[in-house]
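K.L.:
sharing a sequence plus its predicted fold:
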Amino acid sequence: MDKRTLITGLAWDIALPAVVFYVLDAAGVDTALALAAGGAAALLRVAAVATVHRRLDGVAAVVAAGFVLVLVVSLITGDPRVLLVRESLLTGALGLLLVGSCAIGKPALYALVRRAHSGNRAMLAHLAQRWHDDPGFRARFTLPSLVIGGVLLVESVARIVLICTLPLEVMPGVSTGLHLGAIAILVVFAMWLRNRRRRAGTGESLTTPAGFRAR
């Protein structure tokens, strides 16, 4: 699987349910039905990948769970604030996935790289060997997964707390500020990480680690 195929797959995982929801919501469909349709689209994606490739698509599953959770809570409470929370839940779920993957010893970024090379047995063996033998190689996936996941998780929790405490009319501006702040932090981290790798004298790509030779 090349980079284009990987990106296309992730776009289907994340964008499809969101597009279904927003299109139906803009068309005047009841919000609960729009949420249900978005969740159903994500679940269909999970089922399609499981049927064709015989594996669970974790990203699509997280998105589907987020839609279902928001739908359930909105039906129980009837609170319009829940609609503002839905994006935070999805962001938080992604952050939790990234941080949780590090906790179980298989960072999500490493899993994505393996997925990108799923049809290349030689590369998969090379990745597995370096993962087992090289602590620095493991850190190159663990650190970004932890930082990105942590920022997303903190942003999500902060937004949910503010949604529950501030007047609804001020939340669009506050939410935009949180987004920009999170993006700024991640940009600074990316620049720091790039400079650190340059100083260390390694410019290898995450998707094509150094030392690999096609067999």
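P.N.:
Yep, that arrived. Residues are numbered from 1 along each chain as shown.

K.L.:
strands along the chain, start to end?
P.N.:
Counting by DSSP state E, the chain has no strands at all.

K.L.:
domain boundaries for it, per the record?
P.N.:
1-78, 81-206 (automatic domain parsing).

K.L.:
give the rounded mean pLDDT of the longest one.
P.N.:
What it means is domain 81-206. For domain 81-206, mean pLDDT is 82.

K.L.:
quick one: residue 183 from residue 28, how far?
P.N.:
Separation of residue 183 from residue 28 (C-beta to C-beta, to the nearest Å): 32 Å. For every residue, glycine as well, the C-beta is placed using N, CA and C.

K.L.:
the two: who's more crowded?
P.N.:
residue 183 (12 against 7; other C-beta atoms under 10 Å).

K.L.:
check contacts around the more buried one.
P.N.:
With contact set as C-beta atoms under 8 Å, 6 or more residues apart in numbering, residue 183 has no partners.

K.L.:
just the buried residues of stretch 145-155, please?
P.N.:
Buried residues in stretch 145-155, counted by 16 or more other C-beta atoms under 10 Å: 145-149, 151-155.

K.L.:
what does it rub up against?
P.N.:
With contacts defined as C-beta under 8 Å, 6+ apart, stretch 145-155 is touched by 88, 91-92, 94-102, 107-110, 178-179, 181-182, 185-186, 189.

K.L.:
what's the local residue count around the residue lying closest to residue 142 once chain neighbours are set aside?
P.N.:
Once flanking residues are discounted, residue 142 sits nearest to residue 107: 5.0 Å by C-beta to C-beta, 6 or more residues apart in numbering. Neighbourhood size, residue 107 [other C-beta under 10 Å]: 26.

K.L.:
how close does residue 107 sit to residue 141?
P.N.:
4 Å.

K.L.:
same check on residue 105?
P.N.:
Counting by C-beta to C-beta - residue 105 and residue 141 are separated by 11 Å.

K.L.:
residue contacts, the residue nearest to residue 142?
P.N.:
98, 101, 138, 141-142, 144-146.

K.L.:
in those residues, find the pair that's most separated.
P.N.:
98 and 138 (15.1 Å; C-beta to C-beta).

K.L.:
ok, these two, which is more surrounded?
P.N.:
residue 98 (22 against 18).

K.L.:
isn't the more buried one up against residue 110?
P.N.:
No. Here residue 98 does not reach residue 110: they are 11.1 Å apart, not a contact under C-beta atoms under 8 Å.

K.L.:
burial count for the nearest residue to residue 130 once chain neighbours are set aside?
P.N.:
Excluding its sequence neighbours, the residue lying closest to residue 130 (C-beta to C-beta, 6+ apart) is residue 137, at 4.5 Å. Look at residue 137: counted by other C-beta under 10 Å, it has 19 neighbours.

K.L.:
what about residue 137, distance to residue 163?
P.N.:
Distance, residue 137 to residue 163, by C-beta to C-beta: 40 Å.
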